[in-house]
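[1] Got a sequence here, can you model it:
(one chain, ligands or ions: 1)
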Amino acid sequence: MADKKARLSVDGLDETIELPVYSGTLGPDVIDVRALSGKGLFTYDPGFVSTAACDSSITYIDGDKGILLHRGYPIEQLAEQSDYLEVCYLLLNGELPSPAEKAEFVNTVMRHTMVHEQITYFFRGFRRDAHPMAIMVACVGALSAFYHDSLDINDAHHREVCAFRLIAKMPTLAAMCFKYSIGQPFMYPRNDLGYAENFLRMMFGTPCEEYQANPVLARAMDLIFLLHADHEQNASTSTVRLAGSSGANPFACIASGIAALWGPAHGGANEAVLAMLQEIGDESHIPEFIRRAKDPEDPFRLMGFGHRVYHNFDPRAKVMKAACDDVLAELGVEDEPLLKIAKQLEQIALEDDYFIQRKLYPNVDFYSGIIMKAIGIPTSMFTVIFALSRTIGWISHWNEFHSSPNRIGRPRQLYTGERQRDYPD
Ligand code: SDX
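    Here you go, the predicted model:
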């Protein structure tokens with residue numbers, strides 16, 4: 001119920017339009033502008049800078065304070081005390097699980113990690129050097145061809161079954177992409193391993209010998225999954241919601257999210273950060289790249305810096321930076337040159353007026369690639385791992401959308417084209 005009103009007067013309109021204003025639990029109030037179309041008006045907000053597209057109770061971000069809450073729990077506390085599958089349960093169900101609920105959730109996920117054997121035939125159609133994100137978009141979308149038994153989006157149980165299948169199978173498909181690219185056989189998942197441990201074994205194990213994941217690396221992998229799990233109405237999540245609003249099946253919706261995430265302005269930034277650090281190559285080259293990032297005529301941007309919402313440190317980047325030091329120390333590569341360049345780049349940028357005035361800080365992608373590279377994951381797989389991690393966010397928002405009355409999303413436009421004209425005789 002609206003407890004406040006906004007009043008809009010428009011030149012040429014002989015009335016003041018009253019619009020309801022709603023307050024959420026946290027964050028800015030919103031003005032309900034739905035009545036404007038009946039007055040012959042649209043709102044105009046390219047890039048959705050000032051638009052709340054929905055109401056949601058899953059994740060809250062305060063960009064000015066650098067706050068990120070999942071169902072009310074701060075990301076720093078979840079990173080410190082929880083793990084990825086527990087956060088999956090939290091995002092999907094709204095509360096932390098009891099020990100028994102967690103055990104059942106983990107057991108269900110780990111017993112759905114295999115993919116249909118015929119999925120392997122899809123891989124044969126790709127070149128070995130195909131970008132793994134192209135393969136993921138294809139294979140995840142194709143899952144809907146295998147699971148006809150759970151595609152009734154209006155059935156909460158079907159939606160839960162799809163969520164389990166997606167959470168469980170994304171690591172298997174992701175590891176298959178890597179194995180295919182290096183010509184090694186696919187590794188079958190193991191039900192007796194932890195989620196991250198199982199993923200590392202499918203990535204780096206072979207049928208020729210037992211593979212034991214380094215527990216520090218498994219924990220770092222789980223942390224990367226956890227830190228990327230959800231992030232409110234970002235571009236890929238909004239894509240999943242919009243695809244879901246047409247009634248498309250969940251696998252097709254998640255495939256649309258993977259496609260949207262791929263862009264370098266979004267999830268593709270982690271891959272672009274590594275390429276940028278490698279291009280910089282030496283700390284002495286940093287000033288030139290800072291200059292280019294500030295030059296409006298130069299398309300180069302400091303990848304891993306800036307964020308539509310955060311005008312302070314991305315809290316995930318802080319956790320990631322600390323994890324970087326731990327992983328590199330464990331591997332004995334503290335002097336990793338790329339980390340030194342990254343830290344120097346961050347320090348210089350944060351002292352530069354251009355970045356200070358625009359409130360540009362490192363985001364989640366700035367350090368994640370350095371950890372993944374240290375674990376042995378190739379750059380081309382970074383965004384695949386972001387997609388694997390974000391699947392729970394996508395499916396939680398998709399489920400939230402379908403859990404209450406909804407309608408198809410259909411934005412309008414400011415038309416700037418030709419007036420009506422006749423086809424020439
Ligand atoms: C993710 O939305 C989410 O929540 C996304 C995400 C998630 O978890 O889902 O957090 C994950 O996508 C993180 C962002 C990863 N992308 C990058 O690191 C790519 C580099 N960053 C930029 O492309 C940019 O900062 C965006 C895309 C992240 C945000 O773009 P906006 O909000 O549209 O801001 P903008 O492009 O209008 O920039 C505002 C100003 C501009 O300068 P002026 O026109 O005012 O002179 O800041 C400048 C920009 O040129 N700017 C940068 C910059 N980012 C913004 N200048 C140099 N380097 C940068 N990185």
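[2] Only C-alpha atoms from now on, for both contacts and neighbour counts.
    Fine.
[3] And the helix or strand hosting Thr120, what's buried?
    Here Thr120, judged by DSSP states H and E, is contained in helix 119-124. By 16 or more other CA atoms under 10 Å, the buried positions in helix 119-124 come out as Phe123.
[4] for stretch 337-351, same thing?
    For stretch 337-351, using 16+ other CA under 10 Å, the buried residues are Leu338, Leu339, Ile341, Ala342, Lys343, Leu345, Glu346, Ala349, Leu350.
[5] Just the ones in helices from the residues you listed, please.
    Leu338, Leu339, Ile341, Ala342, Lys343, Leu345, Glu346, Ala349, Leu350 (DSSP state H).
[6] closest to Gly257 among those residues?
    Proximity of those to Gly257 (CA to CA) peaks at Ala342, which lies at 28.7 Å.
[7] Next, the contact list for that closest one, please.
    With contact set as CA atoms under 8 Å, 6 or more residues apart in numbering, Ala342 has these partners: Leu277, Phe366, Tyr367.
[8] Excluding covalently adjacent residues, which one is nearest to the second one?
    Ranked by CA to CA, 6 or more residues apart in numbering and with sequence neighbours excluded, the top spatial neighbour of Phe366 is Gly304, at 4.1 Å.
[9] Can you name every helix or strand that whichever helix or strand comes after the helix holding Thr120 contacts?
    As assigned by DSSP H and E, the chain's next helix or strand after helix 119-124 is helix 132-142. Under the contact definition 3 or more CA pairs under 8 Å, 6 or more residues apart in numbering; DSSP states H and E, helix 132-142 sits against helix 119-124, helix 156-182, helix 250-261, helix 382-402.
[10] make it 6 Å
    helix 250-261 (3 or more CA pairs under 6 Å, 6 or more residues apart in numbering; DSSP states H and E).
[11] burial of Met110, as a residue count?
    Met110 has 23 neighbours, counted by other CA atoms under 10 Å.
[12] And it, its phi and psi?
    For Met110, the backbone dihedrals (degrees, to the nearest 10) come out as phi -70, psi -20.
[13] Pull up the gap between it and Pro189, please.
    Met110 is 8 Å from Pro189, where distance means CA to CA, to the nearest Å.
[14] as a whole number, average confidence for the helix holding Thr120?
    Helix 119-124 comes out with an average pLDDT of 96.
[15] What strand or helix carries Leu69?
    Here Leu69 is assigned to strand 67-70, by DSSP H and E.
[16] For that strand, list every residue counted as buried.
    Buried residues in strand 67-70 (16+ other CA under 10 Å): Ile67, Leu68, Leu69, His70.
[17] hang on, the earlier thing: what is the nearest of the ones in helices among the buried residues of stretch 337-351 to the ligand?
    Ala349 (9.4 Å; CA to the nearest ligand atom).
[18] Where does pLDDT dip in the protein?
    1-2 (pLDDT under 70).
[19] circling back: from the buried residues of strand 67-70, which is closest to the ligand?
    Closest to the ligand, out of all of the buried residues of strand 67-70 and judged by CA to the nearest ligand atom, is Leu68, at 10.3 Å.
[20] which residues does that closest one contact?
    Tyr60, Ile61, Pro74, Ile75 (CA atoms under 6 Å, 6 or more residues apart in numbering).
[21] Select from the residues you listed the one having the most neighbours.
    Tyr60 (22 neighbours).
[22] Take the contacts of Ala342 and lay them out in a markdown table including secondary structure and distance to the ligand.
    Output for the contacts of Ala342, formatted as a markdown table (DSSP: H, G, I helix; E, B strand; the rest coil; distance: CA to the nearest ligand atom, whole Å):
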| residue | secondary structure | distance to the ligand |
| --- | --- | --- |
| Leu277 | helix | 13 |
| Phe366 | helix | 7 |
| Tyr367 | helix | 11 |
